[in-house]
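J.: Sequence first, predicted coordinates after that:
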Amino acid sequence: MSTELVSQDAFYWFVTALTGGVAGAWFVYDIINLIRVRHADAADPLIRDRRFGYVMGIVIGFAGVLGCLRFHDVV
Amino acid sequence: MVAAAPAPRVVSPFNPANAVTASRFLCLPPFVWAVDNGYHQWATLFILICGVLDKIDGLAARVFDCRSAFGELFDAITDGICYGFALILVAAYGWAPVVPVALIIALGLANTGMRGVYVRRARRPVNYKSYAMERIVAYTGYLVGFATAGFEVTFYYWLFVPLMALIIGHDAKRMLVDQIPPAPAAHAGGAR
């Protein structure tokens, strides 16, 4: 069995696409989710939990994209 | 005459969704083999398959209509065991920094303990649902992949620790103090 599946460059671009693609999509998705619940009743614990979750999703999504940019020395 | 309330639907634990969840453990032996031999790409592939199966079990639960509280709990336990084991392994082989991994495992164990308290308070098999925790668990799967791929490992690992601590701190009050929502009437459990 070969020790590598693809070339190292192709592998890194695959990981970049998988990470940046999912993180970027998640970032946008949770921004949309957060906008959708902006008028919801904040007294409801479930709504507060959803808002907190969406904010964390935005932070994690941003971090995912930032890591990809760091890896390729863009930032 | 008052119509009788529908009996709660009982779902067998031996269902397709739980079979997919259990099959995730099969990814661990080849993962160990790949890490032990220094095959970074193979190790990434096996942890990726484990992550994909995590998505497929939810899909199987919807397709075969076999969602249950047990399945939801089994899924969370499998996440903890697979990703926890993989994190310890990559740290042991020097592919990931030990200190953040130790902190992540400690936070994970604290979270598991609080979930146990939540189940005891609820007096039924119920998985604590947290939108933020769902997101950080997905990040955990990626963490292992970052280590096996050697992809911005220090950045992603050290960023993860304060985020997880913040989420567990937020969830602690709901798990330990707040009132627990009643079980859904028509289903034995909630969404998988």
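T.: Good, I have the coordinates.
J.: per-residue pLDDT, the residue nearest to B:Thr21 when sequence neighbours are not counted?
T.: Sequence neighbours aside, B:Asp57 is the residue nearest to B:Thr21 in space, at 4.5 Å (criterion: Cβ to Cβ, 6 or more residues apart in numbering or on different chains). Any C-beta I mention is one placed from the backbone N, CA and C, and that applies to glycine too. Note for B:Asp57: predicted pLDDT of 89.
J.: now B:Asp57: how far from chain A?
T.: Separation of B:Asp57 from chain A (Cβ to the nearest Cβ, to the nearest Å) stands at 18 Å.
J.: So which residues of the chain form helices?
T.: I'll assume chain A. Secondary structure of chain A, counting by DSSP state H: helices at A:8-36, A:45-71.
J.: if you could check chain B rather than the one you did, that'd help
T.: B:16-23, B:28-36, B:40-63, B:69-92, B:98-122, B:131-149, B:153-176.
J.: how about JSON lines for those, with mean neighbour count added?
T.: Putting the helices of chain B into JSON lines (neighbours: other Cβ atoms under 10 Å in any protein chain shown) gives the following:
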{"stretch": "helix B:16-23", "mean neighbour count": "19"}
{"stretch": "helix B:28-36", "mean neighbour count": "17"}
{"stretch": "helix B:40-63", "mean neighbour count": "19"}
{"stretch": "helix B:69-92", "mean neighbour count": "20"}
{"stretch": "helix B:98-122", "mean neighbour count": "16"}
{"stretch": "helix B:131-149", "mean neighbour count": "23"}
{"stretch": "helix B:153-176", "mean neighbour count": "17"}
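J.: Need the pLDDT of the residue of chain A found nearest chain B.
T.: Residue nearest to chain B within chain A (Cβ to the nearest Cβ): A:Gly53, separated by 2.3 Å. We have a pLDDT of 95 for A:Gly53.
J.: repeat for the one 10 residues further on
T.: According to the model's per-residue confidence, A:Ala63 sits at a pLDDT of 96.
J.: Need the winner for burial among the helices of chain A.
T.: When those are scored by mean count of other Cβ atoms under 10 Å in any protein chain shown, the highest mean neighbour count falls to helix A:45-71 (a mean of 19).
J.: which strands and helices sit next to it?
T.: On a contact count with 3 or more Cβ pairs under 8 Å, 6 or more residues apart in numbering or on different chains; DSSP states H and E, helix A:45-71 meets helix A:8-36, helix B:131-149, helix B:153-176.
J.: Need these in TSV (columns: distance to B:Ile104).
T.: Listed next are the helices and strands packed on helix A:45-71 as TSV, based on distance: least, Cβ to Cβ, whole Å:
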stretch	distance to B:Ile104
helix A:8-36	18
helix B:131-149	8
helix B:153-176	6
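J.: of all those helices, which lies closest to B:Leu109?
T.: Evaluated over the helices and strands packed on helix A:45-71, closeness to B:Leu109 peaks at helix B:153-176, with 10.5 Å, by Cβ to Cβ.
J.: ok, is that closest one in contact with chain A or not?
T.: Yes - judged by Cβ under 8 Å from any Cβ of the partner chain, helix B:153-176 comes into contact with chain A at B:Phe155, B:Tyr156, B:Leu159, B:Leu163, B:Leu166, B:Ile167, B:His170, B:Arg174.
J.: would a markdown table of those residues with distance to B:Phe85 and pLDDT be doable?
T.: Formatted as a markdown table, these follow (distance: Cβ to Cβ, whole Å; pLDDT from 0 to 100):
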| residue | distance to B:Phe85 | pLDDT |
| --- | --- | --- |
| B:Phe155 | 23 | 96 |
| B:Tyr156 | 19 | 97 |
| B:Leu159 | 22 | 96 |
| B:Leu163 | 21 | 96 |
| B:Leu166 | 25 | 95 |
| B:Ile167 | 21 | 94 |
| B:His170 | 26 | 91 |
| B:Arg174 | 28 | 83 |
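J.: Please identify which pair of these lies farthest apart.
T.: B:Phe155 and B:Arg174 (30.2 Å).
J.: Leaving out sequence neighbours, find the closest residue to the closest residue to chain A within chain B.
T.: When scored by Cβ to the nearest Cβ, chain B has B:Tyr131 as its residue closest to chain A, at 2.3 Å. Spatial nearest neighbour of B:Tyr131, excluding adjacent residues (Cβ to Cβ, 6+ apart): A:Gly53 at 2.3 Å.
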